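Participant: Predicted model and sequence follow; I will ask about them next.
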Amino acid sequence: MVKAEKRHGTKVKESVPERIFSVINYVVLTLVALLMLYPIVNIIAVSFSDYNEYLKTPWMIWPKKFTLEAYKLVFRNSYFWRSYINTIIVTVASTLLSLVTTLMFAWSMARREVKGKPFFMVILIFTMVFSAGMIPNYLNMQDLNLLNTLWVLILPGTFNTFNCVIMMSFLRELPYELVEAAMVDGGSEPYILRKIVVPLSKPVLASVTLFLAVGAWNSYFGAQIYIQNRDLWPIALTLKEILMAASTAILEAEADPAALSAVGAEIESKTIQYASVIISTLPIMCIYPFLQKHFAKGVMVGSVKG
């Protein structure tokens, strides 16, 4: 193998098969990335376009006859903003509560001197395989007087087994000598957790925070079952109603062309539908870049080490 000297070190030249593989790999990954990116670009383009232009070119990737009417209509919808505020409250509260409880339990299970860990692990894994079911959960929420409250969307997801297992795997890899040194110096448990464990656990905390926040923001099934008061709907459930209303209007118009003029105002809600999607996903898209640096490390927790 011929070696080429570089200013910052020695680099081995790739053979012809390796170069061919690299080119094919880059081409395939680029195509996959474009396929995944296209729906997002299309939704953004349609949301800023006139609906008649959308009917002509539904696959557009650039807005045609640029307009903000769809966004203006969404901004005027009081139910939409009310559900937006509800989702922010639920997301922040459930993420913080779940992060605290998961960290405390995972750290306890990661400590060497804690007794009875196998018993708690059996209980933990048991909940991953078996669950009570929808009806018992509903009756439980009813007995706890949580129906038609935001607490019914916050408390049931406070503890997540999968996130706990991820965090335990990470905490077990921390240098335990630091904990022992802090204990010798008289450090209390809250002090060790706050000053040593949390600063060293930023990657896994960022990963779990992102999992929890995205899950809480996009969740609508629980609200659909437990909440009848529309003023307490989260954004995902309101968005589902908007999507279903637009789809129903379009299907009716396609089934009966004569009804197209009758539902003209509703069928134009396709652009409103896409504008709602963009507005509802924007906060999560803005949060991700700030957590991406730690998230890339955190997702490698539990991987095989060489």
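Facilitator: It's in. Predicted, not measured: the structure shown is a model, and the values here were computed from it.

Participant: count of residues packed around residue 50?
Facilitator: Residue 50 sits with 18 neighbouring residues when counted by other CB atoms under 10 Å. Using the backbone N, CA and C atoms, a C-beta is placed for each residue, glycine as well.

Participant: brain fart, residue 233
Facilitator: By other CB under 10 Å, the residues close to residue 233 number 23.

Participant: Next: residue 201.
Facilitator: By other CB under 10 Å, neighbour count at residue 201 equals 21.

Participant: which residues touch it?
Facilitator: Counting by CB atoms under 8 Å, 6 or more residues apart in numbering, residue 201 touches 103, 167, 170, 171, 174.

Participant: Would you list the buried entries among those residues?
Facilitator: Taking 16 or more other CB atoms under 10 Å as the criterion, what is buried in the contacts of residue 201 is 103, 167, 170, 171.

Participant: Widest-spaced pair of the contacts of residue 201?
Facilitator: Greatest spatial distance in these: 103 and 174, 12.6 Å, computed using CB to CB.

Participant: now, among the contacts of residue 201, which is nearest to residue 80?
Facilitator: residue 103 (34.2 Å).

Participant: quick check, residue 174 in a helix?
Facilitator: No. Under DSSP: H, G, I helix; E, B strand; the rest coil, residue 174 sits outside any helix and is assigned coil.

Participant: For it, grab phi and psi.
Facilitator: The phi/psi pair for residue 174 (degrees, to the nearest 10) reads phi -70, psi 150.

Participant: Return the residues in contact with it.
Facilitator: 110, 197, 200, 201.

Participant: still on that earlier bit, the buried ones among the contacts of residue 201 in helices, which ones?
Facilitator: Judged by DSSP state H, the buried ones among the contacts of residue 201 include 103, 167, 170, 171 as members of helices.

Participant: Apart from its chain neighbours, what residue comes closest to the third one?
Facilitator: Right, the one you point to is residue 170. Nearest residue to residue 170, sequence neighbours excluded (CB to CB, 6 or more residues apart in numbering): residue 204, at 4.0 Å.

Participant: does the one you found really touch residue 167, like I thought?
Facilitator: Yes. In this structure, residue 204 is within contact of residue 167 by CB atoms under 8 Å, at 5.5 Å.

Participant: which secondary structure elements does the helix or strand containing residue 82 contact?
Facilitator: For residue 82, the element it lies in under DSSP states H and E is helix 78-110. With contacts defined as 3 or more CB pairs under 8 Å, 6 or more residues apart in numbering; DSSP states H and E, helix 78-110 has these neighbours: helix 117-129, helix 151-154, helix 161-171, helix 202-218, helix 235-255, helix 269-298.

Participant: so what does the longest one touch, helix or strand wise?
Facilitator: Contacts of helix 269-298 with other secondary structure elements, assessed using 3+ CB pairs under 8 Å, 6+ apart, are made with helix 16-47, helix 51-56, helix 69-75, helix 78-110, helix 202-218, helix 235-255.

Participant: can you check the third one too?
Facilitator: Helix 161-171 makes packing contacts with helix 78-110, helix 117-129, helix 202-218 when contacts are defined by 3+ CB pairs under 8 Å, 6+ apart.

Participant: quick one, what contacts residue 70?
Facilitator: Residue 70 neighbours (CB under 8 Å, 6+ apart): 47, 48, 271, 272, 274, 275.

Participant: hang on, the first one packs against residue 275?
Facilitator: Same thing as residue 47. Yes. Residue 47 is in contact with residue 275 according to CB under 8 Å; the separation is 4.2 Å.
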